[in-house]
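[1] can you look at this prediction? I've put the sequence above it.
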Amino acid sequence: MPVTTSPDNAVRLLTITEAAEVLRIPISWLYERTRRNAIPYRRIGKYVRFTQDDLKQIISSGEPARDGLLRQISNAGGQTEMGERVCKPLPGAATAELNEILGEITHGSYVEPKATKFEKFAEEWLEGRVAVRGSTLSSYGSIVRKRLIPHFGKMSLSEIGYDQVQNFVHELTKEVSVKTLHNIIVCFRVMLVGKRGGSALKRGFLRNDPTRGVEMPAMDERQVVPPTKEEVWKLVDAGEELGGFGREMVFIDAFTRLRRNEILALQYTDIDWTNKEIVINKAFSKTKMSDGIRKWEWQMVQPSR
């Protein structure tokens, strides 16, 4: 099919690499189907090119693929010809996203996502988080190094899609509690598309949120049963047996519900003996150090509420 590129009727042609990036599928997928003439494309001499209409026809063809915008089948939650269970985005959403990308290409504003391995990005992300408390950063580090890097570490960020995240969730449901699983996925989402910090989306490694639409197990709605008065005094007595400030720590915690770092920061002047009140205006928190000697340091900070 001839393609005119005259100024009066210019057509934006995409290379096979550009088309694969727009569709978020492997280049090999396109090469294999162009050899079979299974998808629309344009051949100019020995070169393979695609128009915007070609890509739209590929999207609407409904041919199953593992990843990307082509992850379409005739009905939600159906199966491919290989019998694989597929969870797909709605065709309308896929088409809208394709149109957005094609519009950026047409206007020259499209930026191809940069390639980097998740492991490298994850370590850089942890190193760059300076506005979070040390305890939070320590928790992030544990999740990233124990759960996320072992699973996604060798993958490029652009290879992480809905299917990969959903499979990850399925695997974790056998290993961790529902609450822990939710914490892991929240951390993962913050890394990829979070508004704060150098997320993968901000740094140009991703174009969308691969965690969006991932099905999670429901959180257990367990009713919290507070300890009885007798149980509280048993805890206080146990604290006294520990010695030191054990009794005082347990006593204050039981009757004020203060956090541990707030109790540790209490000073004599924080107690209003007349009105029988305790003023909470500071707390201890771990802070990441950059002197190359210490990893963490306990510092006095404003309490979080």
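    Perfect, thanks for sending it. Numbers count the residues shown, from 1 in each chain.
[2] which intervals of the stretch 201-305 of the chain have sub-threshold pLDDT?
    For the stretch 201-305 of the chain, applying pLDDT under 70 flags the ranges 288-296, 305.
[3] and the strands in it?
    Ranges of strands in the stretch 201-305 of the chain, per DSSP state E, counting those that start in this stretch, are 271-272, 277-278, 283-288, 296-301.
[4] including distance to residue 35 and mean neighbour count, could the ones you listed go into TSV?
    (Each C-beta comes from the backbone N, C-alpha and C, glycine too.) Formatted as TSV, the strands of the stretch 201-305 of the chain follow (distance: least, CB to CB, whole Å; neighbours: other CB atoms under 10 Å):
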stretch	distance to residue 35	mean neighbour count
strand 271-272	80	12
strand 277-278	76	12
strand 283-288	53	19
strand 296-301	57	14
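[5] you'd agree residue 259 is up against residue 283?
    Yes. Contact criterion CB atoms under 8 Å: residue 259 and residue 283 qualify, at 6.8 Å.
[6] find residues that contact each of those two.
    residue 303 (CB atoms under 8 Å, 6 or more residues apart in numbering).
[7] re earlier: residue 193: which of the strands of the stretch 201-305 of the chain is closest?
    Closest of those to residue 193 is strand 283-288, at 23.5 Å (criterion: CB to CB).
[8] quick one, domains of this structure?
    7-106, 114-222, 229-301 (automatic domain parsing).
[9] just checking, what packs against the helix or strand containing residue 142?
    In this structure, residue 142 sits in helix 134-143 according to DSSP states H and E. Judged by 3 or more CB pairs under 8 Å, 6 or more residues apart in numbering; DSSP states H and E, the packing partners of helix 134-143 are helix 118-128, helix 178-193, strand 283-288.
[10] contact partners of that helix?
    126, 129, 132, 183-184, 187-188, 285-288, 296.
[11] what is the nearest of the residues you listed to residue 54?
    Distances from residue 54 to the contacts of helix 134-143, taken by CB to CB, are shortest for residue 188, at 34.6 Å.
[12] surely the closest one and residue 212 touch.
    No. Judged on CB under 8 Å, residue 188 makes no contact with residue 212 at a distance of 11.9 Å.
[13] for the two, indicate the residue with more neighbours.
    Taking neighbours as other CB atoms under 10 Å, residue 188 and residue 212 compare with residue 188 leading, 25 against 12.
[14] distance check, that one against residue 56.
    32 Å (CB to CB, to the nearest Å).
[15] next one: residue 282
    Counting by CB to CB, the gap from residue 282 to residue 56 is 60 Å.
[16] now residue 258
    In this view, residue 258 and residue 56 are 60 Å apart by CB to CB.
[17] same thing with residue 149?
    38 Å.
[18] helices of the stretch 151-300 of the chain, residue ranges please.
    162-172, 178-193, 229-242, 246-256, 260-264 (DSSP state H, counting those that start in this stretch).
[19] buried residues in the longest one?
    When you say that, I think you mean helix 178-193. 181-185, 187-193 (16 or more other CB atoms under 10 Å).
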